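[1] no sequence on hand, only this structure:
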């Protein structure tokens, strides 16, 4: 399909730079997969909008404070970096602004908000857009990020905050540490550099109410990488180099999903990340734990094998996430829904409102 078919115009005022509070007070636009009228609710009404026996599939990945500032001690030059998910304690991959000024053997300090050095990284080289480094001073990568890292908010939120004069970056980062994470994220396991944003709307009270109504909450982990921010620049969507992301679905989760399917319930993915993981599973749902990677591009024409419904935020134009949602309801219908959402002043993107497709 043509990438330009995924384009639309958004009033910049509708780009949300912070979430509503409480989380489940966000607005929820509800539509059926088959044509019909739209309904306007709030997320806290979700238990009345799904059915007993349905499953909501949650991505419990953990967002790490992966945005760091690096300094070259010899010259004082600074760099902003995004640390990529890594399971190698020795070597670290980063996207670095100004990476062309870096060379193998350079040593870079990682500094906290008070400008104290908390670790030193050595540049090993570059692999495409990625700069490879190793930790030469400091306890661990995790400790370094906790001490000096900032929340890896999408660039469009940071840009909108600057444009609107929301300039208290340190105070906002402290608040983002609570805002930009789900209440159900795992303590360990997968590390993500972006949140599964549909999940940001859930409170513990809402989760408890869903369980009380007989809704299954099934958890998996998909490690959200920086590719989620990458715009589609190719003329045809199919030519876009799709990013790979690790995911894990435990055997017990697969068994519960099969039980829901056998019992006639619907499998509703909470977020596009959960959807990608589910659609990357084998045809038979039940089975052993799966820990692998996916580069699945879901676009119009995709035959959904496991996902019956989707709760998701409103996505950027010309994005693979928008294409995924279009695959579920049809491109023309989705663009009409987005036109109506804009007319009703829904808030867009990571900190914005949500839609439920059922």
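    Yes, it's here. Predicted model only: the values in this text are computed from it and were never measured. Numbering: from 1, shown residues only.
[2] tell me the SS of residue 93?
    Using DSSP: H, G, I helix; E, B strand; the rest coil, the structure places residue 93 in strand.
[3] run a quick neighbour tally on it.
    Residues near residue 93, counting by other C-beta atoms under 10 Å, number 19. C-beta: built from backbone N, CA, C; applies to glycine.
[4] settle this for me: it is touching residue 129, isn't it.
    No - counting by C-beta atoms under 8 Å, residue 93 does not reach residue 129; the two are 9.8 Å apart.
[5] any residues in contact with both of those two?
    Counting by C-beta atoms under 8 Å, 6 or more residues apart in numbering, no residue touches both residue 93 and residue 129.
[6] which intervals of the stretch 51-200 of the chain have sub-threshold pLDDT?
    Scanning the stretch 51-200 of the chain for pLDDT under 70 picks out 89, 167, 169, 189-190.
[7] tell me where it has helices.
    141-148, 155-163, 169-179 (DSSP state H, counting those that start in this stretch).
[8] between those helices, which one is closest to residue 319.
    For the helices of the stretch 51-200 of the chain, proximity to residue 319 was assessed by C-beta to C-beta; helix 155-163 is nearest, at 11.1 Å.
[9] follow-up on the earlier one: which of the helices of the stretch 51-200 of the chain is buried the deepest?
    Most buried of the helices of the stretch 51-200 of the chain, by mean neighbour count (mean count of other C-beta atoms under 10 Å): helix 141-148, with a mean of 19.
[10] and that helix, how far out from the chain's middle?
    21 Å (C-alpha atoms, centre = their mean, to the nearest Å).
[11] what packs against that helix?
    Other elements packing on helix 141-148 under the criterion 3 or more C-beta pairs under 8 Å, 6 or more residues apart in numbering; DSSP states H and E are strand 67-71, strand 107-111, strand 117-127.
[12] using a markdown table, lay out the ones you listed together with distance to residue 352 and mean neighbour count.
    Conversion of the helices and strands packed on helix 141-148 to a markdown table gives the following (distance: least, C-beta to C-beta, whole Å; neighbours: other C-beta atoms under 10 Å):
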| stretch | distance to residue 352 | mean neighbour count |
| --- | --- | --- |
| strand 67-71 | 21 | 21 |
| strand 107-111 | 32 | 21 |
| strand 117-127 | 34 | 17 |
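[13] relative to residue 221, which of these is closest?
    strand 67-71 (21.5 Å).
[14] can I get the helices and strands packed on helix 141-148 in TSV with distance to residue 210?
    Below are the helices and strands packed on helix 141-148 laid out as TSV (distance: least, C-beta to C-beta, whole Å):
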stretch	distance to residue 210
strand 67-71	33
strand 107-111	41
strand 117-127	41
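[15] tell me which of those strands sits nearest to residue 145.
    Closest among the helices and strands packed on helix 141-148, once you apply C-beta to C-beta, is strand 67-71, at 7.0 Å.
[16] and the residue of the chain positioned farthest from its centre, how far from residue 115?
    Distance from the C-alpha centroid of the chain peaks at residue 74, with 36.9 Å (C-alpha atoms, centre = their mean). Going from residue 74 to residue 115 by C-beta to C-beta, to the nearest Å gives 17 Å.
[17] and for residue 148?
    Using C-beta to C-beta, we find residue 148 at a distance of 10 Å from residue 115.
[18] where does pLDDT dip in the stretch 201-350 of the chain?
    In the stretch 201-350 of the chain, no residues with pLDDT under 70.
[19] quick one: the strands in it?
    Secondary structure of the stretch 201-350 of the chain (DSSP state E, counting those that start in this stretch): strands at 216-222, 245-249, 267-270, 290-294, 309-313.
[20] care to break this structure down by domain?
    3-63+179-357, 67-148 (automatic domain parsing).
[21] could you give the number of residues near residue 342?
    Close neighbours of residue 342, defined as other C-beta under 10 Å, add up to 16.
[22] which residues touch it?
    8, 10-11, 14.
[23] closest one of those to residue 33?
    Proximity of those to residue 33 (C-beta to C-beta) peaks at residue 8, which lies at 20.7 Å.
[24] any idea whether the closest one is helix, strand or coil?
    On the basis of three-state DSSP, residue 8 is classed as coil.
[25] and the gap between the residue nearest to it when sequence neighbours are not counted and residue 348?
    Counting by C-beta to C-beta, 6 or more residues apart in numbering, residue 317 is the residue found nearest to residue 8 once chain neighbours are left out, at 5.0 Å. Distance from residue 317 to residue 348, counting by C-beta to C-beta: 10 Å.
[26] repeat that for residue 49.
    Taking C-beta to C-beta, one finds residue 49 at 21 Å from residue 348.
[27] what's the burial count for the closest residue to residue 5 other than its chain neighbours?
    Excluding the flanking residues, the one nearest residue 5 by C-beta to C-beta, 6+ apart is residue 331, at 6.2 Å. Neighbourhood size, residue 331 [other C-beta under 10 Å]: 17.
[28] so residue 317 and residue 348 - more neighbours on which side?
    A direct count of neighbours by other C-beta under 10 Å for residue 317 and residue 348 places residue 348 higher, at 22 against 16.
[29] who does that one bridge with?
    As for beta bridges, residue 348 partners with residue 15 under DSSP bridges.
[30] give me the distance between it and residue 336.
    For residue 348, the distance to residue 336 - C-beta to C-beta - is 16 Å.
[31] list the contacts for the nearest residue to residue 44 once chain neighbours are set aside?
    Leaving aside its sequence neighbours, residue 44 sits nearest to residue 24 (C-beta to C-beta, 6+ apart; 4.1 Å). By C-beta under 8 Å, 6+ apart, the contact set of residue 24 is 42-44, 46, 201-203, 205-206.
[32] that's all I had, so thanks and see you.
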